[in-house]
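Novice: give the three-dimensional model of this entry:
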Amino acid sequence: MRLATLAVVLLAAGGGLAQFTPRNPECIAPAGAGGGWDFTCRSVAQVMQDLKIVSQPIKTTNLTGGGGGVAYANVVTQRNNDANLIVAASPATTVRLAQGQFSRFTERDVRWLGAVAADFGLVAVKADAPWKTMQELVAAWKADPAKIAVGGGSAVGGQDHMKVLLLGRAAGIEPRSIKYVPFDGGGQALTSLLGGFIQVFAGDASELRAQVESGTVRVLAMMSPRRLPAPYANVPTLRELGYNLDWVVWRGFYVPKNMPTEAYEFWARALRQVERSQEWAKVREQNSLGQFFMTGAEFQVFIDRQVNQFRNLSRELGIIR
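Specialist: The predicted model follows:
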């Protein structure tokens, strides 16, 4: 009788673990509103709610600073076992980790959850800018690099800066002569472009789509392996223009390193459900995103490799020694 009672208790406990339900779930976007991380949090949270994966809305918190470093430090030092927290990430995160820009923290201080889509880098100017094509911009840029300020939503040495340095190197422009202005998120960088404080924006396709459709900006080149559908269908890729350069941005998440296993498995399953849904397919289509899905151990291996690749690339570009 006692054994039967114990079995019932153990089954009930096991069922409780399998049925983990987040309470007051939260997604940290490590930059201001309007950028890629903010988009990742809000769009995935909305689909999880639409699919009834979560019973409560997922709150998005914009925790800015340090190119994502403030949020990273907060998670590692203060929320290391939080079962209800996911954090938006991208190559902007792994670039900074590769360069040792997150203080003493490394890619092993969090647990990598997964990625649900691919975004693509681009080069854009204001609609009334004097450069109609990428070739015209490069010609003016080579003639006097100091006259053209390029902005992006990452810190110096971060993802958007690296895009610009790689483009400069491919175009024959000395990387150290390039004038890069960092912003805390793509939204701020875009606002500065429209305000005339910078002349070129090195952002991502999802960030700029609304402005492209409204006609306030002109995209000169995509950093995607092939052309994207409308509204980017008429924009050439850098490869088409003779520059051997792509920049693919996975959109995904990390979680606290000591998140309970049942919670980690819940969030991994949730991402899989999102990725397979018609709702997410519609989000991808509406935001010019490509398909890309990875989670669990496979994603951890992918992150380890990418950090090593970015570390080597950062040394090549003279960003780190």
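Novice: ok, residue 146 - contacts?
Specialist: By C-beta atoms under 8 Å, 6 or more residues apart in numbering, residue 146 lies in contact with 177, 179. In short, each C-beta sits where N, CA and C put it, glycine included.
Novice: for it, give its distance to residue 311.
Specialist: From residue 146 across to residue 311, the span is 29 Å (C-beta to C-beta, to the nearest Å).
Novice: quick check, pLDDT for the closest residue to residue 54 other than its chain neighbours.
Specialist: With C-beta to C-beta, 6 or more residues apart in numbering as the criterion, residue 54 has its nearest non-adjacent residue at 5.0 Å, and that residue is residue 48. On the pLDDT scale, residue 48 is placed at 98.
Novice: surely residue 48 touches residue 58?
Specialist: Yes - taking contacts as C-beta atoms under 8 Å, residue 48 lies within contact range of residue 58: 6.3 Å.
Novice: who has more neighbours, these two?
Specialist: residue 48 (25 against 22; other C-beta atoms under 10 Å).
Novice: export the helix or strand that contains the more buried one as PDB, just CAs?
Specialist: Assigned by DSSP states H and E, residue 48 falls within helix 36-50. The C-alpha coordinates for helix 36-50 follow below in PDB (Å, rounded to 0.1, in the frame of the first residue of the first chain):
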ATOM      1  CA  GLY A  36      16.500  43.100 -34.500                       C
ATOM      2  CA  TRP A  37      16.600  41.800 -30.900                       C
ATOM      3  CA  ASP A  38      13.400  43.700 -30.100                       C
ATOM      4  CA  PHE A  39      11.800  42.200 -33.200                       C
ATOM      5  CA  THR A  40      12.900  38.700 -32.200                       C
ATOM      6  CA  CYS A  41      11.400  39.000 -28.800                       C
ATOM      7  CA  ARG A  42       8.100  40.500 -29.800                       C
ATOM      8  CA  SER A  43       7.400  38.400 -32.900                       C
ATOM      9  CA  VAL A  44       8.200  35.100 -31.300                       C
ATOM     10  CA  ALA A  45       6.300  36.000 -28.100                       C
ATOM     11  CA  GLN A  46       3.300  36.900 -30.200                       C
ATOM     12  CA  VAL A  47       3.300  33.600 -32.100                       C
ATOM     13  CA  MET A  48       3.700  31.600 -28.800                       C
ATOM     14  CA  GLN A  49       0.700  33.400 -27.500                       C
ATOM     15  CA  ASP A  50      -1.300  32.900 -30.700                       C
END
